[in-house]
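Student: Only the shape, not the letters, is given here:
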């Protein structure tokens, strides 16, 4: 499609405006993390790394970070197993209600987080509490896994649709059993899709706050909850900016890897 020069200029300006809305606030957070002024005066009166040192020395922050890592790893592990199994079942087998099953797997990520959180909270209290299992890290992992499964399922399903079954059938014709075919043929073809889905699942779990609020209970604080609790405390506001800045920098690598790996899915 050929566009006139004014139209191209207009599209470029719209693109620049959209990117500015997204990235200028992030740059402000990065700058405020080294702003010497506790009230974030603008322009900054000076630059300092003392807020980074304060964040490093915060025991509550470290505990919240470790809790988020545990929840993310647990939810990702569950999502990799269940999402992969569901993708194989839907793609490789024909059974009654297959489309309905696929819809039910994808639905949790489309539901408002508060609806999912309330539903999980009620279910945990009705099913687990009679057996002495209260809200805690386990229920957080289960809650996060409900929507993390979707990312793995979509990635694996897309890969299975693109690769087909010809290589697996050829492996079987050559005498390989099911396990050998999966280990030498199927798994290598899915490896990048699994890694991309796992990275996205971990990122979703690490960032989740609404479902966590309803499933964590009183004794569990993930990093997003810690940030929310300390955001409006004057003494903690600079540390919160440091945490946000660190998360921005740390998010670049997994997002980049997930994008590259997802792109590789489409080239096979």
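Tutor: Yep, it's here. Since this is a predicted model, take the numbers as computed values, not measurements. Numbering: from 1, shown residues only.
Student: out of everything not next to it in sequence, what's closest to residue 228?
Tutor: Nearest residue to residue 228, sequence neighbours excluded (Cβ to Cβ, 6 or more residues apart in numbering): residue 209, at 6.3 Å. All C-beta spots, glycine's among them, are computed from the backbone N, C-alpha and C.
Student: pLDDT value on that neighbour, please?
Tutor: At residue 209, the pLDDT value in this model is 89.
Student: In three-state terms, label residue 103 for me.
Tutor: Of the three states, residue 103 takes helix according to DSSP: H, G, I helix; E, B strand; the rest coil.
Student: So which residues make contact with stretch 15-35?
Tutor: With contact meaning Cβ atoms under 8 Å, 6 or more residues apart in numbering, stretch 15-35 is reached by 40-41, 44-49, 51-52, 238, 241-242, 244-246, 248.
Student: ends of stretch 169-182, how far apart?
Tutor: Length of stretch 169-182, first residue to last, Cα to Cα, to the nearest Å: 11 Å.
Student: my read: residue 180 touches residue 171, true?
Tutor: Yes - counting by Cβ atoms under 8 Å, residue 171 is a contact partner of residue 180 at 7.4 Å.
Student: higher neighbour count, the two?
Tutor: residue 171 (18 against 13; other Cβ atoms under 10 Å).
Student: which of the contacts of stretch 15-35 count as buried?
Tutor: 51, 52, 238, 241, 242, 244, 245, 246 (16 or more other Cβ atoms under 10 Å).
Student: okay if I get these as CSV plus distance to residue 84?
Tutor: Putting these into CSV (distance: Cβ to Cβ, whole Å) gives the following:
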residue, distance to residue 84
51, 42
52, 39
238, 43
241, 39
242, 37
244, 33
245, 35
246, 32
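Student: Off-centre distance for stretch 138-145?
Tutor: With Cα atoms, centre = their mean, to the nearest Å as the basis, stretch 138-145 stands 13 Å off its chain's centre.
Student: Revised request: answer the last question for stretch 215-223.
Tutor: 18 Å.
Student: what do you get for stretch 122-133?
Tutor: Relative to its parent chain, stretch 122-133 has a centroid offset of 27 Å by Cα atoms, centre = their mean.
Student: which parts of that stretch are buried?
Tutor: 124, 128.
Student: low pLDDT regions in this structure?
Tutor: For the chain, applying pLDDT under 70 flags the ranges 1, 3, 40-41, 254, 258-259, 261-268.
Student: just to revisit the earlier point, for burial, what's the neighbour tally of the residue nearest to residue 228?
Tutor: Residues near residue 209, counting by other Cβ under 10 Å, number 15.
Student: so who does the closest residue to residue 46 other than its chain neighbours touch?
Tutor: Leaving aside its sequence neighbours, residue 46 sits nearest to residue 36 (Cβ to Cβ, 6+ apart; 3.7 Å). Neighbouring residues of residue 36 by Cβ under 8 Å, 6+ apart: 44, 45, 46, 47, 48.
Student: how much space between residue 36 and residue 235?
Tutor: According to Cβ to Cβ, to the nearest Å, residue 36 and residue 235 sit 16 Å apart.
Student: what do you get for residue 46?
Tutor: 19 Å.
Student: In this protein, which residue is most central in space?
Tutor: residue 204 (2.0 Å; Cα atoms, centre = their mean).
Student: you'd agree that residue is up against residue 146?
Tutor: No - under the criterion of Cβ under 8 Å, residue 204 makes no contact with residue 146, lying 10.7 Å away.
Student: ok, back up a step: how much space separates the residue nearest to the centre of the chain from residue 180?
Tutor: Distance from residue 204 to residue 180, by Cβ to Cβ: 34 Å.
Student: And for residue 214?
Tutor: From residue 214 to residue 180 the distance is 45 Å (Cβ to Cβ).
Student: repeat for residue 13
Tutor: Distance of residue 13 to residue 180, given as Cβ to Cβ: 57 Å.
Student: likewise residue 236?
Tutor: Residue 236 is 56 Å from residue 180, where distance means Cβ to Cβ.
Student: For residue 33, grab the count of nearby residues.
Tutor: What residue 33 shows, counting by other Cβ under 10 Å, is a neighbour count of 24.
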